[in-house]
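> 3D model of this:
(2 chains)
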Amino acid sequence: MKTNIYTLIAMLLLSPVVQIPEVAAQTTAGPMDESLSAKTAGAQQHRRGPKRFLLKNGDGAKIDLWKPDLSTLPLTAEHGSLTLPRTGVDNYHALVVEKDWGYLKEALIRYQYMHGKPSGHSTRELTAAEKTTFEIVPEPVPREHQHYRSGQSWNFLLRYRGAPAAHVPVSLETSNGTELSSVSDRNGIVSLRIPDDFSLLEAGERDRRSAEFTVSAETEDAGVVYQTRLSAEYRVNPSRWQSLELGMYVTGVGLLAGGFLGRKAAGHA
Amino acid sequence: MHPLKNLSVIRKLVQISAFLFFVYGGSVTGYYLADKVSGALPALSCAYDMQGADLCTLIPFQHQMDHRLGEAIANGGNMMMGLMPTLITLGTFVVLFVLLNKAFCGWICPLGTFQELLHNLGQKLGLQRSESLDPVLVKRMRPAKWLILLLLVFGFPLLTGIGWVNHDLGDPFCKICPSRILTTLATGDSSQLYIDSASKTTLALSLTADFLFGLMIALSLSVRQPFCRICPMLALHAVFRKLGLLRLMKRATPRCDRCGICAKACPMDITEIHTEMQKKDVTFEDCTLCGRCVEFCPYKDVLQLKYAGFPVFSADPLYFKPRKKAQRNWEESNLPALLRGRQTTVQVKRR
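Coordinates of the predicted model:
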């Protein structure tokens, strides 16, 4: 039920436009009727160019780019398109979009790795900072140069006014069409397994496709509904074209060869 | 000999502490790369280990060749900007390296420690061991580390960045490095022990990596430091060894001609420690500054470990005699000796 509500009432679309999404949700008037979806397509490796996003229904939204040193850069969407400016420093940045409808406060966060000079700041500082009233924080964010992969389980922290939000229903949706839900524990942590939902995968063949997932949650306080979303990209799990079993066999062959050579060397000595 | 007066025991304690810190210390330093101690450690502490406290300098070098310098060359960009990250990494590496010189290999490197522990296990199991490799083989193997440094750490990554070879050769040394497999396995992560069929290149690299890992484990039981002999980190250290504050110094005497125990004690089989009669600084390119040669030198002050010119450990007959006895005791107390001892006890009881 919650998932359907999110789908109906969400208002912002953030989607990388290395390839502009072929399918984007259509919007209608009024916050409760608007829909959101994040969909991306195509291989996106080694992207060092400017990061661009489509932002739907972003009129009136407050958009900030949080830099690793926790300073913020206000941004404006133009014709629904948002380009992240180069900040000159590397590491994760957080794009935070907030919209206040009075009775409803919505927030969307995306952690984006950017290249540049060493920032000298840990991603811990960025995740620990309170960026919006109700937020979903990756615990942890994939380490620099790592990615979310299908089939992996990751933890997310739900934080409301800086404190863990316990027992809150959480849902995860992917642009490949999978939906799942869970509930945060007493520490505000929810563990979610990113669905292995890429279609037409061929065993042993590398697949560089990526897709988007969105984790969302909602809470209510003093008559105001707070909705929050975290969006990120995930890729096909390389275990599809990697074999641990074969690796163990090859290591075994190496052990045998080493044993033989070792005996030979010892005998020679 | 009291164990804490034995340099090899002290070194082992340092090595094990360093192993624990660099393989599992991420819980202390932090999870993200920015939290790591230096990002350019002069030892094979692997970046693929998510729980590690630091990462080896070879991985940023490969990435910088591929993504910075190579791309700057390919795109006609600013060469200084392309080189700057490498210079920063090199500068960090040198600052650390000056402090300990090649002792990063002999005292800190997790992979070196692992090989030594395996060799100790081989000793305890009573496996037939080779104390010293054939000097001809040792000399033939020496260029391998330079070749690996030039081709796998700098060459192929640079060519990848320029676009002349495929992207799977962006970090080829890491793809074959046994430390990647060892340190990830040590943290319970078996994801690096794979055969990757994504392309012919990844297939060849992953086959090499797993074979090399198995080979290193088995060889370590009977041969001292097998992978260290071809390690590109050893070559990189060799380039900067004249900058290090810690040095191995020799004051040769005519008695050195007839001795040679130092060369036999050397885990890297550097015979030149014995034969070199002119040079005072005998921190040779393969030396790991483990100090075993100094421990086993029977003549006073002939071999010394000096830090910034000050002797910190010197050869001494008063140390040599109990050390030699301790070594003999260590080697004789192995599994076959234990089994023989029990057999003898049983036979005596039967009589």
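
> which element is the spatially most central residue of chain A on?
Compute the mean C-alpha point of chain A, and by CA atoms, centre = their mean the closest residue is A:Ala232, 2.1 Å away. Counting by DSSP states H and E, the element that carries A:Ala232 is strand A:224-235.

> Strand partners (parallel or antiparallel) of that strand?
Sheet pairing for strand A:224-235, assigned by DSSP bridges, gives strand A:104-114 (parallel), strand A:148-149 (parallel), strand A:210-221 (antiparallel).

> Now tabulate the ones you listed in a markdown table and tack on mean pLDDT and mean neighbour count.
All C-beta atoms are positioned from the backbone trio N, CA, C, and that covers glycine. Below are those laid out as a markdown table (pLDDT from 0 to 100; neighbours: other CB atoms under 10 Å in any protein chain shown):
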| stretch | mean pLDDT | mean neighbour count |
| --- | --- | --- |
| strand A:104-114 | 94 | 21 |
| strand A:148-149 | 96 | 18 |
| strand A:210-221 | 96 | 21 |
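
> Out of those, which is closest to B:Gly244?
For these, the distance to B:Gly244 is smallest for strand A:104-114, at 35.8 Å, taking CB to CB.

> Let's see that closest one as PDB, backbone CA atoms only.
Coordinates of each C-alpha in strand A:104-114 appear next as PDB, following Å, rounded to 0.1, in the frame of the first residue of the first chain:
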ATOM      1  CA  LEU A 104       3.900  17.300   2.900                       C
ATOM      2  CA  LYS A 105       7.700  17.700   2.900                       C
ATOM      3  CA  GLU A 106       9.500  15.700   0.300                       C
ATOM      4  CA  ALA A 107      13.200  15.000   0.000                       C
ATOM      5  CA  LEU A 108      15.300  13.200  -2.600                       C
ATOM      6  CA  ILE A 109      19.000  12.500  -2.100                       C
ATOM      7  CA  ARG A 110      21.600  11.100  -4.400                       C
ATOM      8  CA  TYR A 111      25.200  10.500  -3.500                       C
ATOM      9  CA  GLN A 112      27.300  11.100  -6.500                       C
ATOM     10  CA  TYR A 113      31.000  10.500  -6.900                       C
ATOM     11  CA  MET A 114      32.800  13.400  -8.600                       C
END
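
> Quick check: what element follows that strand along the chain?
Next along from strand A:104-114, by DSSP H and E: helix A:123-128.

> Give me the residues contacting that following helix.
With contacts defined as CB atoms under 8 Å, 6 or more residues apart in numbering or on different chains, helix A:123-128 is touched by A:66, A:68-70, A:91-94, A:111, A:137-141, A:144, B:30-32, B:34-35.

> Break the chain into its domains for me.
The chain I'm using is chain A. What automatic domain parsing lists as the domains of chain A is A:2-236, A:243-269.

> could you do chain B instead?
If you go by automatic domain parsing, chain B breaks into B:3-127+B:139-236, B:247-324.

> Tell me which of the ones you listed sits most buried.
Most buried of the domains of chain B by mean neighbour count (mean count of other CB atoms under 10 Å in any protein chain shown) is domain B:3-127+B:139-236; its value is a mean of 20.

> What mean pLDDT does that domain get?
Across domain B:3-127+B:139-236, pLDDT averages out at 96.

> can it be found next to chain A?
Yes: using CB under 8 Å from any CB of the partner chain, domain B:3-127+B:139-236 reaches chain A at B:30-35, B:50, B:63, B:67, B:88, B:127, B:167, B:190-191, B:193-199, B:206-207, B:210-219, B:221-223, B:226.

> Now do the same contact list for A:Asp197.
So A:Asp197 contacts A:Ser150, A:Thr174, A:Asn176, A:Gly177, A:Thr178, A:Ala211 (CB under 8 Å, 6+ apart).

> Return the member of these nearest to B:Gly76.
Distance to B:Gly76 across these (CB to CB) is lowest for A:Ala211, with 35.1 Å.

> Just list whatever residues bridge to the closest one.
Here A:Ala211, judged by DSSP bridges, has bridge partners A:Tyr234.

> Can you tell me how far it is from chain B?
According to CB to the nearest CB, to the nearest Å, A:Ala211 and chain B sit 19 Å apart.

> Get me the contact residues on the stretch 201-350 of chain B for chain A.
B:206-207, B:210-219, B:221-223, B:226.

> Looks like A:Ser81 contacts A:Leu55 (just checking).
Yes: shown here, A:Ser81 and A:Leu55 form a contact pair, counting by CB atoms under 8 Å, at 7.0 Å.

> Ends of stretch A:193-201, what's the gap?
Its start and end residues considered, stretch A:193-201 measures 19 Å (CA to CA, to the nearest Å).

> Check which residues of it are buried.
For stretch A:193-201, a neighbour-count test (16 or more other CB atoms under 10 Å in any protein chain shown) marks A:Ile194, A:Pro195, A:Asp196, A:Asp197, A:Phe198, A:Leu201 as buried.

> Those in strands, which ones?
Judged by DSSP state E, strands contain none of the buried residues of stretch A:193-201.

> Any chance of JSON lines for those, columns pLDDT?
JSON lines is the format used below for the buried residues of stretch A:193-201 (pLDDT from 0 to 100):
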{"residue": "A:Ile194", "pLDDT": "97"}
{"residue": "A:Pro195", "pLDDT": "96"}
{"residue": "A:Asp196", "pLDDT": "94"}
{"residue": "A:Asp197", "pLDDT": "94"}
{"residue": "A:Phe198", "pLDDT": "95"}
{"residue": "A:Leu201", "pLDDT": "86"}
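
> which among those gets closest to B:Ser45?
Closest to B:Ser45, out of all of the buried residues of stretch A:193-201 and judged by CB to CB, is A:Ile194, at 28.9 Å.

> which SS class is B:Met81?
For B:Met81, the secondary-structure state derived from DSSP: H, G, I helix; E, B strand; the rest coil is helix.

> what residues are up against it?
By CB under 8 Å, 6+ apart, B:Met81 lies in contact with B:Arg68, B:Ala72.

> measure it to chain A for me?
B:Met81 is 10 Å from chain A, by CB to the nearest CB.

> B:Pro157 - that's part of a helix, no?
Yes: assessed with three-state DSSP, B:Pro157 lies in a helix.

> got a list of what it touches?
B:Pro157 sits next to B:Phe61, B:Gln62, B:His63, B:Met65, B:Asp66, B:Gly70, B:Leu169, B:Gly170, B:Asp171, B:Pro172 when contact means CB under 8 Å, 6+ apart.

> still on that earlier bit, greatest separation within the residues of the stretch 201-350 of chain B next to chain A: which pair is it?
Across those (CB to CB), the longest gap, 26.1 Å, separates B:Ser206 and B:Ser222.

> The contacts of helix A:123-128 in helices, which ones?
Among the contacts of helix A:123-128, no residue falls in helices (DSSP state H).

> and those, which of them are in strands?
Using DSSP E, the contacts of helix A:123-128 in strands are A:Trp66, A:Asn91, A:Tyr92, A:His93, A:Ala94, A:Tyr111, A:Val137, A:Pro138.

> and of those, the nearest to chain B?
Using CB to the nearest CB, A:Asn91 comes nearest to chain B of those, at 6.1 Å.

> thought that closest one was touching A:Glu144?
Yes: with contact defined as CB under 8 Å, A:Asn91 counts as touching A:Glu144 (6.6 Å).

> Quick check: the farthest pair among the ones in strands among the contacts of helix A:123-128?
Top of the distance list for the ones in strands among the contacts of helix A:123-128 (CB to CB): A:Asn91 and A:Val137, 16.0 Å.

> First-to-last residue distance for stretch A:231-246?
End-to-end for stretch A:231-246, by CA to CA: 36 Å.
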